[in-house]
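K.L.:
Turn this into a structure:
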Amino acid sequence: MRIDVFTLVPHAFAWLTEQRPLAAVLGTGLDLRLFNYRDTTPLRAAQVDDEPYGGGAGMVLRVDVVAAALDAAYGETPPARVIALTPQGRPLTQAVVEELAREDELTLLSARFEGFDERVVQHLASDAISIGPYVLSNGDLPAMVLVDAVARRLPGALSEGSGELESFSVELGGALEYPHYTRPAEFRGWKVPDVLLSGDHAKIDAWRREGVR
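P.N.:
Model (predicted):
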């Protein structure tokens, strides 16, 4: 799979590439490419944004800047899945992650401050995704969230069996996982449920099924 991220701060993604599970598939199952809008902007002095028409606070990423970046990367054949990270997009859910993980190529567009000129979302992107109903200072964090969520669904990212029975999975009907415990068996009087210490795997499985939230 190839994921292309268009951003104003490519270096912000450096730490992400060093973390599992992304690091486990980077260069094998995943090709992550980072593009800086400033490298291809048609404007002077590496300008990429401008004041909003009609007034108001903040700066808006220009449509001609994003178009130039996409043209430089893809020429006359844009990719099929170009996703703008914006609060106006459809909510990111595990079902959406599974959908995107089946693609061969994804292109993510991030912005900063007041976001995109609306024509980016309407005409240059094929999809728009939001990671939640709140405001961030940039779209790079949502892009990282999406990259991580998709990367961990690629073959080899996780140890076998660890990605099936987890929160929001189909196997759990989209519910949250059962509670987890580890050593010590008792701490400050707070005890691990006896069934988990019993060694009876049938009872443990039944307890876990009941604990799905």
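
K.L.:
Mind telling me what element the residue minimising distance to the centre of the chain is part of?
P.N.:
Central residue of the chain (Cα atoms, centre = their mean): Leu146, 0.6 Å from the mean position. Using DSSP states H and E, Leu146 sits in helix 140-151.

K.L.:
Alpha carbons only: can I get that helix in PDB?
P.N.:
What follows is helix 140-151, C-alpha atoms only, in PDB (Å, rounded to 0.1, in the frame of the first residue of the first chain):
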ATOM      1  CA  ASP A 140      -1.300  16.800  10.500                       C
ATOM      2  CA  LEU A 141      -2.500  15.100  13.700                       C
ATOM      3  CA  PRO A 142      -5.600  13.800  12.000                       C
ATOM      4  CA  ALA A 143      -3.400  12.600   9.100                       C
ATOM      5  CA  MET A 144      -1.100  10.800  11.600                       C
ATOM      6  CA  VAL A 145      -4.100   9.200  13.300                       C
ATOM      7  CA  LEU A 146      -5.400   7.900  10.000                       C
ATOM      8  CA  VAL A 147      -2.000   6.600   8.800                       C
ATOM      9  CA  ASP A 148      -1.500   4.800  12.100                       C
ATOM     10  CA  ALA A 149      -5.000   3.300  12.100                       C
ATOM     11  CA  VAL A 150      -4.700   2.100   8.500                       C
ATOM     12  CA  ALA A 151      -1.100   0.800   8.900                       C
END
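
K.L.:
That helix packs against which elements?
P.N.:
Here helix 140-151 touches strand 2-7, helix 14-17, helix 22-25, strand 82-91, helix 94-101, strand 105-109, strand 127-130, going by 3 or more Cβ pairs under 8 Å, 6 or more residues apart in numbering; DSSP states H and E. For every residue, glycine as well, the C-beta is placed using N, CA and C.

K.L.:
Give me the buried stretch members for that helix, please.
P.N.:
140, 142-147, 149-151 (16 or more other Cβ atoms under 10 Å).

K.L.:
Look up how far Ala149 lies from Gln94.
P.N.:
Gln94 sits 8 Å away from Ala149, going by Cβ to Cβ, to the nearest Å.

K.L.:
Kindly report the same for Leu8.
P.N.:
22 Å.

K.L.:
what do you get for Thr28?
P.N.:
Distance from Thr28 to Ala149, by Cβ to Cβ: 18 Å.

K.L.:
And Glu114, by the same measure?
P.N.:
For Glu114 relative to Ala149 (Cβ to Cβ), the value is 26 Å.

K.L.:
Next: Val135.
P.N.:
Val135 is 20 Å from Ala149, by Cβ to Cβ.
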